[in-house]
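K.L.:
How does the following fold in three dimensions:
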Amino acid sequence: MKHSGQQGDSLTQKLKYRQRSHNMIIKYANQHSAKRQSEEYQQDIRQGLFKNLNAIAQIEVLTIQVQQLKRIIEMMP
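P.N.:
Numbering: from 1, shown residues only. Purely as a prediction, here's the structure:
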């Protein structure tokens with residue numbers, strides 16, 4: 001009788017160990033997924049900032065061109 005009880009305890013311990021292992025794997029996978037999503041998010045932000053910088057540079061070029069055109073028009077008779 002005691003022997004079957006020990007087997008039950010052993011089985012319970014194995015199940016608890018497997019559950020802990022499973023939980024650790026899930027936790028690691030979730031952290032890895034969150035890290036990957038964070039890296040993708042940061043990459044999206046970097047791309048957005050790069051696009052904004054390009055737009056700003058284009059606006060500055062257009063501003064200079066408009067100023068040059070204004071000077072040319074002012075110099076016309």
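K.L.:
show me what contacts the residue nearest the centre of the chain?
P.N.:
By CA atoms, centre = their mean, the mean C-alpha position of the chain lies nearest to residue 38, the distance being 2.3 Å. Shown in contact with residue 38 (CB atoms under 8 Å, 6 or more residues apart in numbering): no residues. Heads up, the C-betas are built off the backbone N, CA and C, glycines and all.
K.L.:
That one: helix or strand, and which one exactly?
P.N.:
helix 2-75 (DSSP states H and E).
K.L.:
ok, back up a step: how confident was the prediction at the residue nearest to the centre of the chain?
P.N.:
pLDDT, residue 38: 89.
K.L.:
Pull up the gap between it and residue 29, please.
P.N.:
15 Å (CB to CB, to the nearest Å).
K.L.:
ok, now residue 59?
P.N.:
45 Å.
K.L.:
Output the below-cut-off pLDDT ranges for this protein.
P.N.:
Applying pLDDT under 70 to the chain flags residues 1-8.
K.L.:
90 instead, please
P.N.:
1-18, 21-41, 76-77 (pLDDT under 90).
K.L.:
Just give me the neighbour total for residue 39.
P.N.:
10 (other CB atoms under 10 Å).
K.L.:
And the helix holding residue 38, how far out from the chain middle?
P.N.:
1 Å (CA atoms, centre = their mean, to the nearest Å).
K.L.:
Next: stretch 59-76.
P.N.:
The answer for stretch 59-76 is 42 Å, by CA atoms, centre = their mean.
K.L.:
Now that stretch - C-alpha only, PDB.
P.N.:
Once non-C-alpha atoms are left out, stretch 59-76 reads as follows in PDB (Å, rounded to 0.1, in the frame of the first residue of the first chain):
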ATOM      1  CA  ILE A  59      11.000  70.800 -47.300                       C
ATOM      2  CA  GLU A  60      14.300  72.600 -46.700                       C
ATOM      3  CA  VAL A  61      15.400  72.100 -50.300                       C
ATOM      4  CA  LEU A  62      12.000  73.400 -51.600                       C
ATOM      5  CA  THR A  63      12.200  76.400 -49.200                       C
ATOM      6  CA  ILE A  64      15.600  77.300 -50.600                       C
ATOM      7  CA  GLN A  65      14.300  76.900 -54.200                       C
ATOM      8  CA  VAL A  66      11.300  79.100 -53.400                       C
ATOM      9  CA  GLN A  67      13.600  81.800 -51.900                       C
ATOM     10  CA  GLN A  68      15.800  81.700 -55.000                       C
ATOM     11  CA  LEU A  69      12.700  82.000 -57.300                       C
ATOM     12  CA  LYS A  70      11.500  85.000 -55.200                       C
ATOM     13  CA  ARG A  71      14.900  86.700 -55.600                       C
ATOM     14  CA  ILE A  72      14.800  86.100 -59.400                       C
ATOM     15  CA  ILE A  73      11.200  87.400 -59.600                       C
ATOM     16  CA  GLU A  74      12.200  90.500 -57.600                       C
ATOM     17  CA  MET A  75      15.100  91.200 -59.900                       C
ATOM     18  CA  MET A  76      12.900  91.000 -63.000                       C
END
